[in-house]
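Asker: predicted model follows, preceded by the sequence.
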Amino acid sequence: MEFHYQDPFPILKDDTQYRKLSSEYLKVEYLGGREILTIDPRALELLAEQALADVSFMLRPSHLQKLRNIIDDPEATDNDRFVAYNLLQNAAVAVEGALPSCQDTGTAICVAKKGENVYTGANDAEWISRGIYNTYQTRNLRYSQIVPLTMFEEKNSGSNLPAQIDIYATKGEEYKFLFLAKGGGSANKTFLYQKTKSLLNDASLEAFIRERIMDLGTAACPPYHLALVIGGTSAEANLAAVKKASAGYYDHLPTEGNMGGQAFRDLEWEKRVQQICQESSIGAQFGGKYLTHDVRVIRLPRHAASCPVGMGVSCSADRNIKGFINREGIFLEQLETDPKKYLPEIPPHLEEAVSIDLNQPMPDILAELSKYPIKTRLSLNGTLIVARDIAHAKIKELLDSGKPMPEYFKNHPIYYAGPAKTPDGMASGSFGPTTAGRMDVYVDEFQSHGGSMIMLAKGNRSKDVTNACAIGGPAAILAKENIKSVEVVDFEELGMEAVRKIEIENFPAFIISDDKGNDFFESIAH
């Protein structure tokens with residue numbers, strides 16, 4: 001066979017709508033008889049700064065339209081419509097630029113392709129990092145990056161750096177970029193399965209997908225944009241494709257393979273996997289049809305002895321944005337500036353939520369919640385204690401040293417969350433829930449000391465954990481409309497991980513696990 005080079009991921013077109021940021025910082029020079037696009041590295045700083053700012057407060061029009069489609073779908077459940085409507089309301093608040101769409105403002109990621117005729121004369125990753133740094137310093141975003149000082153000692157970096165920056169070489173004189181802000185919830189729902197040729201038949205693949213879809217759950221805030229990648233020259237190549245596919249980066253791949261091994265989308269399997277997701281009944285967090293907005297299934301070449309399969313999602317905070325630099329200027333994908341237009345004139349009809357007063361003794365709150373079945377929609381009013389991973393570890397250290405459980409952990413429900421920065425004049429920054437499962441290891445011991453009797457979070461729990469579960473996703477609207485005050489009560493040195501006491505009003509939640517052993521996720525699994 002003669003040599004033939006195949007672009008592994010031949011993107012056939014780009015129909016993205018872009019806006020021009022600037023024509024500065026660019027000039028065309030001649031070197032060795034060819035034209036070179038010389039880019040002042042300040043252009044990289046500008047592009048990265050604006051990209052992370054835009055993607056933290058705005059969403060793609062296509063994503064918002066899919067939320068509206070849920071509301072208009074007669075087959076959607078009330079829970080599906082409730083979540084979709086809340087997420088559209090959240091987008092309408094976030095676009096104002098004070099409260100980011102999600103409190104977990106994410107790990108900043110930049111994937112770039114630098115043409116051979118592009119010259120910066122600088123460490124590009126440093127200048128991209130500068131832009132990311134500027135945004136996280138000046139906007140109401142959360143610092144989520146934890147850096148290790150020793151194997152076990154860690155500290156928040158205080159800047160949300162380091163970022164993940166991957167720069168590839170390609171031909172031409174354009175510099176292309178994909179920026180992502182990837183929160184912990186959706187990042188943790190990235191899976192690699194090392195399979196073999198035995199998977200590659202109709203029945204085995206469908207059975208595998210039906211089983212593995214249940215791994216997703218709701219901890220990453222559905223409805224999802226789901227990516228399933230089958231094959232890959234290595235495990236890392238597979239997972240890199242998963243991340244880009246979930247961000248819509250590979251939407252315009254070919255739809256058939258060739259002898260060069262080009263990546264392609266399998267449209268038939270995309271429809272089948274979407275149907276499987278609908279039949280799972282997980283829905284848009286609390287039962288229904290809309291676990292996923294859409295599915296991308298991508299097939300890659302593989303080593304004869306291997307068949308990596310990767311699965312990942314972009315969550316309801318679909319924070320992906322493209323950009324490019326060429327001789328015409330610096331360009332950034334245009335996100336939606338008017339999400340209100342996707343809201344229906346009349347909100348979807350929903351049964352009235354059950355109001356729960358949290359400012360009463362814990363036994364009384366538990367007795368009231370015990371009256372209602374799983375999937376009951378709640379409206380919470382009163383006091384919550386906010387604590388997440390490090391705070392739980394600190395409290396366990398207290399118990400291990402023989403000290404008592406703090407009274408606040410016994411007297412109030414515990415909300416697993418960590419807020420973004422508080423805008424001037426507001427009671428709170430964006431303040432949605434974090435993933436529940438990470439705190440499961442503490443629950444038995446804490447409950448034996450009278451704490452963690454009621455927990456609010458997102459996603460499924462281990463079998464023996466009972467909780468009432470808040471909606472994942474609408475962090476901005478919770479901050480604006482439902483959280484009335486925030487006070488740090490312990491471990492102030494932990495920053496966003498500190499223990500807080502918050503006062504809430506009409507805070508939306510669902511009962512997901514109860515005190516009788518009933519669990520929503522267990523019920524749909526069977």
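Answerer: Arrived safely, thanks for sending.
Asker: mean pLDDT per helix and strand in the chain: which one sits at the bottom?
Answerer: Sorting the helices and strands of the chain by mean pLDDT, DSSP states H and E puts strand 468-470 at the bottom, at a mean of 56.
Asker: where are the low-confidence patches of the chain?
Answerer: Within the chain, the set of residues satisfying pLDDT under 70 comprises 459-473, 475, 521-526.
Asker: scan it for its longest strand.
Answerer: What stands out as the longest strand in the chain, according to DSSP state E, is strand 499-511.
Asker: for it, packing partners?
Answerer: Applying 3 or more CB pairs under 8 Å, 6 or more residues apart in numbering; DSSP states H and E, one finds that strand 499-511 contacts strand 377-386, strand 468-470, strand 483-490. The C-beta positions use only the backbone N, C-alpha and C, and glycine is treated the same way.
Asker: what's the closest of these to A84?
Answerer: A84 lies closest to strand 377-386 among the helices and strands packed on strand 499-511, at 14.4 Å (CB to CB).
Asker: in that closest one, what counts as buried?
Answerer: For strand 377-386, burial by neighbour count (16 or more other CB atoms under 10 Å) applies to 377-386.
Asker: mind checking which helix or strand T218 is in?
Answerer: Following DSSP states H and E, one finds T218 outside all helices and strands.
Asker: for burial, what's the neighbour tally of it?
Answerer: Neighbour count of T218, defined by other CB atoms under 10 Å: 31.
Asker: which element is the closest residue in space to A169 that isn't next to it in sequence on?
Answerer: Excluding the flanking residues, the one nearest A169 by CB to CB, 6 or more residues apart in numbering is K114, at 6.0 Å. Using DSSP H and E, K114 maps to strand 107-115.
Asker: quick check, distance from that strand to the centre of its chain.
Answerer: 18 Å (CA atoms, centre = their mean, to the nearest Å).
Asker: against which helices or strands is that strand packed?
Answerer: helix 124-138, strand 164-170, strand 175-182.
Asker: count the residues that sit near Y175.
Answerer: For Y175, using other CB under 10 Å, the count is 24.
Asker: next: Q65.
Answerer: Q65, neighbours per other CB under 10 Å, totals 13.
Asker: what helices and strands are in contact with the helix or strand containing it?
Answerer: Secondary structure from DSSP H and E places Q65 in helix 61-72. Contact here means 3+ CB pairs under 8 Å, 6+ apart; on that basis helix 61-72 packs against helix 78-94, strand 292-302.
Asker: how about the nearest residue to D519 once chain neighbours are set aside, phi and psi?
Answerer: Using CB to CB, 6+ apart and skipping residues adjacent in sequence, the residue nearest D519 is S513, 4.5 Å away. Phi and psi for S513, reported as degrees, to the nearest 10, are phi -130, psi 140.
Asker: wait, doesn't V309 sit right on Y193?
Answerer: Yes - V309 is in contact with Y193 according to CB atoms under 8 Å; the separation is 4.5 Å.
Asker: could you tell me which residues touch both of those two?
Answerer: The contact sets of V309 and Y193 overlap at F208 (CB atoms under 8 Å, 6 or more residues apart in numbering).
Asker: which one of the two has more residues nearby?
Answerer: V309 (22 against 16).
Asker: show me the contacts for A427.
Answerer: With CB under 8 Å, 6+ apart, A427 has these contacts: 479, 483-486.
Asker: quick one: which two of those are the most distant?
Answerer: Every pair of the contacts of A427 checked by CB to CB; the farthest is A479 and S485, at 11.6 Å.
Asker: quick revisit: mind checking how far the helix holding Q65 is from the chain centre?
Answerer: Worked out by CA atoms, centre = their mean, helix 61-72 lies 18 Å from the chain centre.
Asker: run through who's touching it.
Answerer: In contact with helix 61-72 (CB under 8 Å, 6+ apart) are residues 76, 80-81, 83-85, 87-88, 91, 223, 225, 248, 284, 290, 293-294, 318, 335-336, 339, 342-344, 348.
Asker: of these, buried ones?
Answerer: By 16+ other CB under 10 Å, the contacts of helix 61-72 give 76, 80-81, 83-85, 87-88, 91, 223, 225, 248, 284, 290, 293-294, 318, 335-336, 339, 342-343 as buried.
Asker: what's near enough to touch P223?
Answerer: For P223, counting by CB under 8 Å, 6+ apart, the contacting residues are 66-67, 70, 83-84, 284, 290-293, 316.
Asker: oops, could you answer that again for S306 instead?
Answerer: Applying CB under 8 Å, 6+ apart, the residues contacting S306 are 194, 196.
Asker: which stretches of this structure form helices?
Answerer: Under the criterion DSSP state H, the chain contains helices at 42-57, 61-72, 78-94, 124-138, 184-187, 202-212, 235-246, 267-279, 362-369, 389-400, 407-411, 440-448, 475-477, 520-525.
Asker: just checking, what packs against the fifth one?
Answerer: Packed against helix 184-187 by the contact rule (3+ CB pairs under 8 Å, 6+ apart) you find strand 307-314.
Asker: what's the strand it packs on packed up against?
Answerer: Looks like strand 307-314 contacts helix 184-187, strand 191-195, strand 224-232, helix 235-246 (3+ CB pairs under 8 Å, 6+ apart).
Asker: what's the most buried one of those?
Answerer: strand 224-232 (a mean of 26; mean count of other CB atoms under 10 Å).
Asker: quick one: that strand to chain centroid distance?
Answerer: 16 Å.
Asker: given that strand, what are its sheet partners and their directions?
Answerer: Sheet pairing of strand 224-232 (DSSP bridges) gives strand 292-302 (parallel), strand 307-314 (antiparallel).
Asker: dump those strands to CSV, plus distance to S23.
Answerer: Converted to CSV, these look like this (distance: least, CB to CB, whole Å):
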stretch, distance to S23
strand 292-302, 35
strand 307-314, 32
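Asker: winner for burial among those strands?
Answerer: Highest mean neighbour count among the strands paired with strand 224-232 (mean count of other CB under 10 Å): strand 307-314, with a mean of 24.
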